[in-house]
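# Here's a sequence, model it:
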Amino acid sequence: MRALPNSPRAKKHTTVVAAAAAAALLSACTIGDVSAPAPASDSEAAGPEPTLSSSASAAPTAPTTHPEDTPVSTARTPQEAIEAIVADNPGTGIAVAGGGEVVSAGVTQPVAAWSTAKVPLAIAAERAGVADPEVVSRAITFSDNAAADTLWTSLGGGQQAAQATQAIIGTATVPATPPREGFSAFGQTQWSVADQAEFAASLGCLDGAEPVLAAMGDADPAQAYGLSTLEGALKKGGWGPSADGGYEARQMGLVTLSGKTVAVAIYAKAPTGDYGQAQQMLTRLAEQLAAADVTWPEADCHQAAV
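Coordinates of the predicted model:
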């Protein structure tokens, strides 16, 4: 199975995305996963808004460093590399998986999946034959919450939708009802970076994943940070306020590192509650991963990345 962003099917998705881009950019800016049913219009239901500092833009630029200045300059293994990176970036977590191997460091306990859970949700809808291509594109490329709610409802909602999504994730429990008021049930799935990286490594082999991978490869200017700064990345992000007042952002996907297609999951928590800071933290992780001169494990189904 191939799910390349340059494939004919992916190009078809790009056309769909272009038609929906203007509306989606407006509706997908709401931060966090809301639990309200999808409204009749294209607008997303209201949810918590990010707190952006005056110095943090919606799409921050990665800090300019040189490979010899990075904490990974002396790393010789993937484990050494990610341990050095998280030590240099407190409040972050990284996992890399492939070939039956997974290495992780930093924040490795399960935390809220936020909108990264839309990937298994969309695959579940594809398998069930209830996924509309435009809805999938909006939910994945633009992280549109209303579109994701539509997918959830199309699977029957509640326990039925949770079980269908659970069957795709496998390693994390998808709640049938929202554990936190005001947020979606699926978005509060507790998913570790290690389990998420392993899931990403298998994406190219999963039935129903091809259109989802195509949507992950389409660019959303509002999410041009973290893994999105790496050329050819197939990625999905998620973000929202933590219960203790911080702000969480995370991404998973397939990226090219040292010439290999690598499955990566990254996480950052800005203690200030600033979404822009969390974005910048993810960008720094991606930059330092790209600077590491180590032999990364290759994703099990690596034909999906370019």
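# The closest residue in space to residue 235 that isn't next to it in sequence: what secondary structure?
The shortest distance from residue 235 to any non-neighbouring residue, by CB to CB, 6 or more residues apart in numbering, is to residue 253 (3.2 Å). In short, each C-beta sits where N, CA and C put it, glycine included. Assigned by DSSP: H, G, I helix; E, B strand; the rest coil, the conformation of residue 253 is strand.
# Stretch 149-168 - what's its average pLDDT?
Average pLDDT, stretch 149-168: 98.
# to the chain's geometric centre, what's the distance from that stretch?
Put simply, stretch 149-168 sits 19 Å off its chain's centre (CA atoms, centre = their mean, to the nearest Å).
# which other residues reach it?
By CB atoms under 8 Å, 6 or more residues apart in numbering, the residues outside stretch 149-168 that reach it are 36-38, 45, 117-118, 120-125, 127-128, 130-132, 135-136, 139, 172-177, 184-186, 189, 206.
# buried subset of those residues?
38, 45, 117-118, 120-125, 127-128, 130-131, 135-136, 139, 172, 174-176, 184-186, 189, 206 (16 or more other CB atoms under 10 Å).
# Just the ones of these in helices?
Among the buried ones among the contacts of stretch 149-168, the members falling in helices are 118, 120-125, 127-128, 135-136, 139 (criterion: DSSP state H).
# For the stretch 51-200 of the chain, which segments count as helices?
78-88, 118-128, 133-141, 145-154, 158-169, 193-202 (DSSP state H, counting those that start in this stretch).
# still on that earlier bit, give the contact list for the residue nearest to residue 235.
200, 216, 227, 233-236, 263-264.
# Per-residue confidence, it, what does it come out as?
Here the pLDDT value assigned to residue 253 is 97.
# in the sheet, who's paired with it?
residue 235, residue 264 (DSSP bridges).
# Throw the helices of the stretch 51-200 of the chain into a markdown table and include distance to residue 291, thanks.
Below are the helices of the stretch 51-200 of the chain laid out as a markdown table (distance: least, CB to CB, whole Å):
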| stretch | distance to residue 291 |
| --- | --- |
| helix 78-88 | 9 |
| helix 118-128 | 27 |
| helix 133-141 | 28 |
| helix 145-154 | 34 |
| helix 158-169 | 31 |
| helix 193-202 | 19 |
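# For residue 275, find the nearest of the ones you listed.
Proximity to residue 275 (CB to CB) singles out helix 145-154 among those, at 15.3 Å.
# can I get the CA coordinates of the closest one in PDB?
Taking Å, rounded to 0.1, in the frame of the first residue of the first chain, the C-alpha atoms of helix 145-154 are listed here in PDB:
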ATOM      1  CA  ASN A 145     -13.100  19.600  15.600                       C
ATOM      2  CA  ALA A 146     -16.500  19.700  14.000                       C
ATOM      3  CA  ALA A 147     -15.300  17.300  11.200                       C
ATOM      4  CA  ALA A 148     -13.900  15.000  13.800                       C
ATOM      5  CA  ASP A 149     -17.200  15.100  15.700                       C
ATOM      6  CA  THR A 150     -18.900  14.100  12.400                       C
ATOM      7  CA  LEU A 151     -16.600  11.100  12.100                       C
ATOM      8  CA  TRP A 152     -17.300  10.100  15.700                       C
ATOM      9  CA  THR A 153     -21.000  10.400  15.200                       C
ATOM     10  CA  SER A 154     -20.800   8.400  11.900                       C
END
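# Point out where the chain drops to low pLDDT.
Residues of the chain meeting the criterion pLDDT under 70: 1-70, 302-306.
# Could you report the distance from the closest residue to residue 130 other than its chain neighbours to residue 131?
Distances taken as CB to CB, 6+ apart put residue 154 closest to residue 130, at 4.0 Å, once the chain neighbours are dropped. Noted for residue 154: a distance of 7 Å to residue 131, by CB to CB, to the nearest Å.
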